[in-house]
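>>> Provided below for reference: sequence and predicted model.
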Amino acid sequence: MEIMSGHQPSHSDDYSPSEFSHLQSELISFSSQPSLQSVPSLTSQTQQQQLYLPSSITTHHCITTFKGHTSYISSLALAGNFLFSGSFDKEIRLWEQNLNSEPDHENISNNVVAAGKGAVKSIVVLGDKLFSAHQDHKIRVWKINDQEPHHQKCTRLATLPTLGDRAIKLLTPNNQVQIRRHKKCTWVHHVDTVSVLALSQDNSLLYSVSWDRSLKIWRTTDFKCLESVGNAHDDAINALALSHDGYAYTGSADKKIKVWRKASGDKKHSQVATLEKHNSGINALALSTDGSVLYSGASDRSIVVWEKDNSGNMVVVGALRGHSKSILCLAVVSDVVFSGSADNTIRIWRGVDKSYSCLAILEGHTGPVKCLTAATDCYNSSNTSTSYLVYSGSLDCEIKVWQIFIPFL
């Protein structure tokens, strides 16, 4: 069932009551709120005019469109020459990045490599393992057997929390937490949709956040839950970003971004800052390569830019404006920022001395753009421009692959 911008889902046989409720909750993030006026715009008129100079024009085109999912695309992950996609249809599919040939439509139905019991919310790849977060409160770990599309399936290695982890925690009353008036469970459990996954810089830890307002940390070798930060926010957590220097940033429907860090010698992460500037729920976070700039996207149609000051604290420097509806996803490659929106478009931004320009607007999706990933295209860059490949997933159930040529500054 397609869900287009501005349309509400109808309760049909396609969804169970719980899935239908989940989808309605999901659509809240697509609802655009009044624009954030309290933060100055970083987009200068001068740089906007430079877009029309022949020497500085960014060119782009859609290379191909992948079709096969039967519901909206929620997550994308690159792994070498392959792209994994997760969807509300509970499937994970594998696509080969052979962009010089037409998609093999005969094999599209055979590229489902994994299927869980709940809608897929987030996926990350680590070597020959794939971690997927689901609506049914679970994280699943899959073994990527042989990265040949259309001819293999992933084997499920574990479901988190693992049976051993649950059993050990059940033996000690101190490991029980109250989740409802008459119900308890161990602290290793997520008790609502797991919304986002992210890997630490050294790949030793998997971070997960959930609509249950918690942040959990798992060891990637044996999948043990090492830590849980309960009530990390006052509402569902929808966004997560990790820096190379050990900071974790979480964004929530409570309009706040919280900063967490595990100091040397400490057993647990502690909150070190709260960033408040958005006037609506936060849907996306992304960090610059060096971790000095944080970008946050929200339903107020703005991307707020935060930079570390001399004290190491994130402070607001301004906002990127241009999207007409909610910001749903962000990606950063080098000095280029990509944003996807409920207005069905993707925008490309680049900043120089705290002044940003919108280099291009990618149009082609017929539904909100829910997820993005991007990478430098080393094979097609030149001595005058850098080539990027951008992958976008949408509520129109399609994945589009875009090639972007951005001139050097």
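Structure's in. What do you need? All of these numbers come straight from a predicted model, not from anything done at the bench.

>>> mind checking how far Arg93 is from Phe84?
Relative to Phe84, Arg93 is positioned 7 Å away (criterion: C-beta to C-beta, to the nearest Å). The C-beta positions use only the backbone N, C-alpha and C, and glycine is treated the same way.

>>> mutual contacts of those two, please.
With contacts taken as C-beta atoms under 8 Å, 6 or more residues apart in numbering, Arg93 and Phe84 have Val113 as neighbours in common.

>>> in stretch 61-73, what's buried?
Along stretch 61-73, the positions that meet the burial threshold by neighbour count (16 or more other C-beta atoms under 10 Å) are 64, 66, 68-69, 71-73.

>>> just put the residues you listed in a markdown table and tack on pLDDT and secondary structure.
A markdown table is the format used below for these (pLDDT from 0 to 100; DSSP: H, G, I helix; E, B strand; the rest coil):
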| residue | pLDDT | secondary structure |
| --- | --- | --- |
| Thr64 | 96 | strand |
| Phe66 | 96 | strand |
| Gly68 | 96 | coil |
| His69 | 97 | coil |
| Ser71 | 97 | coil |
| Tyr72 | 97 | coil |
| Ile73 | 98 | strand |
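
>>> now for the residues you listed: which two are most distant?
Pairwise distances among the buried residues of stretch 61-73 were taken by C-beta to C-beta; the largest, 20.6 Å, belongs to Thr64 and Ser71.

>>> what stretches of the stretch 1-150 of the chain score poorly on pLDDT?
Low-confidence regions of the stretch 1-150 of the chain, defined by pLDDT under 70, span residues 1-29, 31-32, 34-35, 37, 44-56, 98-109, 147-150.

>>> so where do the strands sit in it?
Ranges of strands in the stretch 1-150 of the chain, per DSSP state E, counting those that start in this stretch, are 59-67, 73-79, 82-87, 91-96, 112-115, 120-126, 129-134, 139-143.

>>> got the ones you listed as TSV, with distance to Lys354 columns?
Written out in TSV, the entries for those read as follows (distance: least, C-beta to C-beta, whole Å):
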stretch	distance to Lys354
strand 59-67	25
strand 73-79	30
strand 82-87	34
strand 91-96	38
strand 112-115	43
strand 120-126	31
strand 129-134	35
strand 139-143	38
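
>>> looking at those strands, which is nearest to Ile346?
When those are ranked by distance to Ile346, counting by C-beta to C-beta, first place goes to strand 59-67 at 9.4 Å.

>>> now the closest one against strand 91-96, angle please.
Here strand 59-67 runs at an angle of 130 degrees relative to strand 91-96 (axes from the mean of the first three to the mean of the last three C-alpha atoms, to 10 degrees).

>>> what about strand 59-67, distance to the chain center?
If you compare the mean C-alpha spot of strand 59-67 with that of the full chain, they lie 20 Å apart, counting by C-alpha atoms, centre = their mean, to the nearest Å.

>>> what's it packed up against?
Taking 3 or more C-beta pairs under 8 Å, 6 or more residues apart in numbering; DSSP states H and E as the contact definition, the neighbouring helices and strands of strand 59-67 are strand 355-362, strand 398-407.

>>> who wins for proximity to Arg301 among those strands?
Taking C-beta to C-beta, strand 355-362 is the member of the helices and strands packed on strand 59-67 nearest to Arg301, at 13.6 Å.

>>> contact partners of the closest one?
When contacts are defined by C-beta under 8 Å, 6+ apart, strand 355-362 is touched by residues 42-44, 47-48, 50-51, 58, 60, 62, 305, 318, 320, 322, 336-337, 345-351, 390, 392, 402, 404, 406.

>>> model confidence over that strand, on average?
With pLDDT averaged residue by residue, strand 355-362 scores 94.

>>> the helix or strand following it pairs with which strands, and in what direction?
Past strand 355-362, further along toward the C-terminus, the next helix or strand under DSSP states H and E is strand 369-376. For strand 369-376, the pairing partners within the sheet under DSSP bridges are strand 385-394 (antiparallel).

>>> still on that earlier bit, out of the strands of the stretch 1-150 of the chain, which gets nearest to Ser264?
Counting by C-beta to C-beta, and looking across all of the strands of the stretch 1-150 of the chain, nearest comes strand 120-126 at 24.8 Å.

>>> ok, that closest one: who's next to it in the sheet?
For strand 120-126, the pairing partners within the sheet under DSSP bridges are strand 129-134 (antiparallel).

>>> and the strand it pairs with with strand 73-79, angle?
Taking the same axes, to 10 degrees, one finds strand 129-134 and strand 73-79 inclined to each other by 170 degrees.

>>> which stretches in the stretch 151-300 of the chain count as strands?
Assigned strands in the stretch 151-300 of the chain, in chain order: 155-160, 176-180, 183-186, 194-199, 205-210, 215-219, 225-229, 237-242, 247-252, 256-261, 270-276, 282-287, 293-298 (criterion: DSSP E, counting those that start in this stretch).

>>> including distance to His134, could the ones you listed go into a markdown table?
Compiled in a markdown table, the strands of the stretch 151-300 of the chain are given as follows (distance: least, C-beta to C-beta, whole Å):
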| stretch | distance to His134 |
| --- | --- |
| strand 155-160 | 9 |
| strand 176-180 | 18 |
| strand 183-186 | 17 |
| strand 194-199 | 6 |
| strand 205-210 | 11 |
| strand 215-219 | 14 |
| strand 225-229 | 16 |
| strand 237-242 | 15 |
| strand 247-252 | 19 |
| strand 256-261 | 23 |
| strand 270-276 | 27 |
| strand 282-287 | 19 |
| strand 293-298 | 23 |
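
>>> mean pLDDT, distance to Leu330 and mean neighbour count added to these, as CSV?
Rendered in CSV, the data for the strands of the stretch 151-300 of the chain read as follows (pLDDT from 0 to 100; distance: least, C-beta to C-beta, whole Å; neighbours: other C-beta atoms under 10 Å):
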stretch, mean pLDDT, distance to Leu330, mean neighbour count
strand 155-160, 96, 26, 16
strand 176-180, 58, 31, 12
strand 183-186, 71, 33, 14
strand 194-199, 98, 12, 21
strand 205-210, 98, 16, 24
strand 215-219, 98, 19, 21
strand 225-229, 95, 23, 19
strand 237-242, 98, 9, 24
strand 247-252, 98, 10, 25
strand 256-261, 98, 13, 20
strand 270-276, 97, 15, 14
strand 282-287, 98, 4, 25
strand 293-298, 98, 5, 26
